[in-house]
Each structure stands twice: as structure tokens, then as C-alpha cells.
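Q: Sharing a sequence plus its predicted fold:
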Amino acid sequence: VDMAEKAHDTVPATVANRSLAVSLMYNGQFKRAQHHFDRALELFDPILHNDLAQKYGQDLGVANHGLISYNLAILGETQRGMKLIHECERYAEACEDITSKCYMHMCAAFYHYVLQDFSEMGRHTKSLADLANQYNLSFFGDLAAMQKSLLKLSSGDRTGLAELQEIDNSLITANIWGLLPVLRTGAGYSVLALGLKDEALQLANSAQSLIAQTGEELSLSDLHRLHAALAKANGDNLAAEKHLHTALDVACKQGGKLLELRAAINLARLMQEQERTDEAIAILKPVSDSIAEGDCPDDQAKAKELLNVLIG
């Protein structure tokens with residue numbers, strides 16, 4: 001980034017800032033990542049930077065408006081994230097580069113996954129799978145297969161677990177580890193909801209192991225929430241509360257407002273069950289109030305419903 005900015009050439013400066021932003025996001029540094037994502041957008045010129053897909057791997061309009069949406073969702077800025085993912089789609093439709101179109105569908109699927117909008121995730125996953133199959137793109141094909149298995153699990157279809165494990169092994173063999181902790185953690189929630197506690201624990205532990213190896217902390221807060229859910233399922237509310245406090249602390253330090261809200265909701269519900277009403281309100285209300293009106297609508301609806309019950 002330093003070299004590109006000093007050269008006063010907007011093309012490498014755009015690519016450098018976006019590349020650094022993605023790395024920071026993977027490391028859980030969401031606020032720092034957003035600074036460089038925004039810088040990449042500031043430098044981006046849709047006319048000057050057109051037709052560079054073959055040089056940089058993706059069309060720059062697609063690339064600059066892709067994973068930034070995921071980072072914005074985690075920051076709790078879901079309205080802006082939605083706007084940028086629509087811009088990403090628009091650039092993908094305008095370009096002829098197949099890799100860029102696949103990249104857009106990948107980013108959009110992950111964006112909708114973090115928001116738990118499985119309908120839109122399914123639409124983009126199908127398009128990604130179709131393109132990967134048509135052009136024999138194994139990387140995107142494996143990602144689409146992984147996303148399909150997550151969709152199956154979220155709908156209550158247990159066959160998704162075997163499919164997920166098969167694709168997970170394929171990705172590890174190919175040294176494609178990025179986002180696997182996120183996918184394993186997400187799968188763990190769905191598997192636990194199916195009553196498969198041992199399998200959910202295995203997914204949680206494997207996600208933790210990969211985080212320890214790679215330093216990818218994108219899903220660290222969510223992983224502690226999963227461990228809390230596992231502890232609660234085993235009747236250990238003390239361990240569950242400890243994990244939820246850690247999840248809340250991690251999300252707060254990382255600047256992940258959406259993850260912070262989800263941890264606060266779970267912790268407040270646990271306290272509600274123990275008739276610790278004042279503590280539950282003190283945990284949940286400040287986090288909910290810190291998110292802008294219209295952002296994180298589904299999670300905010302859950303938070304406000306719970307607060308209404310708690311406040312009475």
C-alpha cells in the first residue's frame with residue numbers, strides 16, 4: 001500500500017488497499033479493514049479501471065464492491081453493505097469475465113449467509129455452481145458445494161453434514177483454508193439444532209484448531225457463541241455464560257457490532273432464564289442502541305422483542 005500510494009497510480013493503489021483490507025478482515029480487524037476498503041472505493045474509477053480483469057484476477061468494480069459488503073455486515077452497517085453488493089452485481093453483469101461473475105456470486109452468497117438470508121444465499125449459490133460447472137472452475141465449484149451443504153443443514157437436512165465434510169476435506173487438501181472456520185462454525189450451529197451434539201462439538205473444535213493454525217479470527221466471536229450453545233445443551237450454564245462474555249468481548253474489541261449484538265442477545269436470554277433481569281437489560285440495551293436505525297433488522301427485531309419482555 002505504501003509503495004502504491006507513493007507512486008500516485010490509482011490502479012495498483014486500489015488493488016493494494018483492497019488486498020490489505022481483505023487480509024485485515026480475515027484477521028478480525030474489521031475497523032482497520034474498512035478504512036482500506038473505503039480507500040479502495042475512493043480511488044476506484046469505473047472508466048479508467050475498466051478491462052483489468054485479466055491482469056488482476058477480477059474486474060475491479062466487482063472486486064472493490066464484493067467482500068467489503070461482508071465486512072460492513074459484521075460492522076453492523078447492513079444497509080450500506082446491501083447497497084454495495086447490488087453494485088457488485090451490476091458490475092458483474094456489465095463485464096464478460098467469468099471469474100469476476102463467480103467472485104460476485106461468492107461474495108453475495110457469503111454476505112447473505114452472515115445475515116442468515118438463506119433464500120438469497122441459495123440464489124447466488126446456484127448461479128455460482130452453474131458457472132463453475134459450465135467452465136470447469138474447481139475452486140468456485142468447491143465453494144458452491146460447501147455453500148449448498150450449509151443450506152441443506154440450515155433447512156434441517158442431515159445429508160448436508162456428510163457433504164460438508166467431503167468438501168471440507170477437498171478444500172484442505174487443496175490448501176484453501178480461508179473462511180473454513182466461518183463455515184465450520186456456521187455448520188456447527190445447524191448441526192446442534194438437529195440434536196447432533198458430538199458432531200457440533202467436533203466442528204467447533206476443528207474450527208478452533210484452524211484458527212490457531214492460521215490466525216484467521218473472522219469467526220472467533222461466533223465460535224465462542226457456539227461453545228456457549230454446546231455448554232448450555234449439556235446443562236452447564238456457568239460455562240455457557242463464560243463463553244458468551246468472551247464472545248461479547250471479542251466482538252467489541254474487533255468492532256463487529258452484528259456479532260456483538262448476537263452475543264448480547266444470547267447472554268441476555270441466559271440471564272433472563274436465571275431471573276437476572278437488570279443484568280440482562282444492562283448487557284443488551286447499550287449494544288442494541290449503538291446500531292443505526294434500519295441496520296441489522298432481523299437481529300434488532302429479536303433484541304427489541306427481548307428488551308420489551310425484560311423491561312415489561
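A: Right, received. Where do you want to start?

Q: lowest-pLDDT helix or strand in the chain?
A: helix 53-56 (a mean of 78; mean pLDDT, DSSP states H and E).

Q: Buried ones in that helix, by neighbour count?
A: For helix 53-56, the neighbour count (16 or more other CB atoms under 10 Å) marks 53, 56 as buried. From N, CA and C alone the C-beta is placed, and that goes for glycine too.

Q: Then stretch 56-75?
A: Quick answer for stretch 56-75 (16+ other CB under 10 Å): 56, 58-75.

Q: same check, this time on stretch 18-27
A: Here stretch 18-27 shows 18-22, 24-27 as buried, counting by 16+ other CB under 10 Å.

Q: pLDDT averaged over the helix or strand following the least confident helix or strand of the chain - what is it?
A: Sequence-wise, the next helix or strand downstream of helix 53-56 (DSSP states H and E) is helix 60-64. Per-residue pLDDT over helix 60-64 has a mean of 93.

Q: Following the chain past helix 60-64, name the next helix or strand.
A: Counting by DSSP H and E, what follows helix 60-64 is helix 67-75.

Q: distance between that following helix and the chain's centre?
A: 7 Å (CA atoms, centre = their mean, to the nearest Å).

Q: which residues touch it?
A: Outside helix 67-75, the residues that touch it by CB atoms under 8 Å, 6 or more residues apart in numbering are 21-22, 25, 30-31, 33-34, 37, 40-41, 78, 80-82, 84-85, 88, 107-108, 110-111, 114-115, 218, 255-259.

Q: where along the stretch 1-150 of the chain do the helices fall?
A: Under the criterion DSSP state H, counting those that start in this stretch, the stretch 1-150 of the chain contains helices at 2-7, 10-26, 30-43, 53-56, 60-64, 67-75, 78-94, 98-114, 118-135, 138-154.

Q: what packs against the least confident helix or strand of the chain?
A: Using 3 or more CB pairs under 8 Å, 6 or more residues apart in numbering; DSSP states H and E, no helix or strand is in contact with helix 53-56.

Q: Any chance you could list what contacts it?
A: 15, 59-60, 63, 95, 97, 99-100.

Q: redo that, cut-off 6 Å
A: Contact with helix 53-56 is made by 15, 59, 97, 100, as judged by CB atoms under 6 Å, 6 or more residues apart in numbering.

Q: got it, and stretch 246-255?
A: Against stretch 246-255 from outside (CB under 6 Å, 6+ apart): 28, 30-31, 220-221, 224-225, 259-260, 263.

Q: hmm, which two among these are most spread apart?
A: Pairwise distances across those peak at 20.7 Å for 31 and 225 (criterion: CB to CB).

Q: Can you flag the buried ones in the contacts of helix 67-75?
A: 21-22, 25, 30, 33-34, 37, 40-41, 78, 81-82, 84-85, 88, 107-108, 110-111, 114-115, 218, 255-259.

Q: Next one: residue 240 from residue 53, what distance?
A: Applying CB to CB, to the nearest Å, the value for residue 240 to residue 53 is 47 Å.

Q: hmm, I was thinking of residue 308
A: Taking CB to CB as the measure, residue 308 falls 50 Å from residue 53.

Q: same thing with residue 64?
A: 12 Å.

Q: Please apply the same query to residue 178.
A: 21 Å.

Q: Same question for residue 109.
A: From residue 109 to residue 53 the distance is 20 Å (CB to CB).

Q: repeat for residue 9
A: Noted for residue 9: a distance of 18 Å to residue 53, by CB to CB.

Q: same check, this time on residue 227
A: Residue 227 is 41 Å from residue 53, where distance means CB to CB.

Q: now swap in residue 110 and tell me
A: Distance from residue 110 to residue 53, counting by CB to CB: 20 Å.

Q: got it, and residue 287?
A: When residue 287 is compared with residue 53 (using CB to CB), they lie 41 Å apart.

Q: again, but for residue 205
A: 40 Å.
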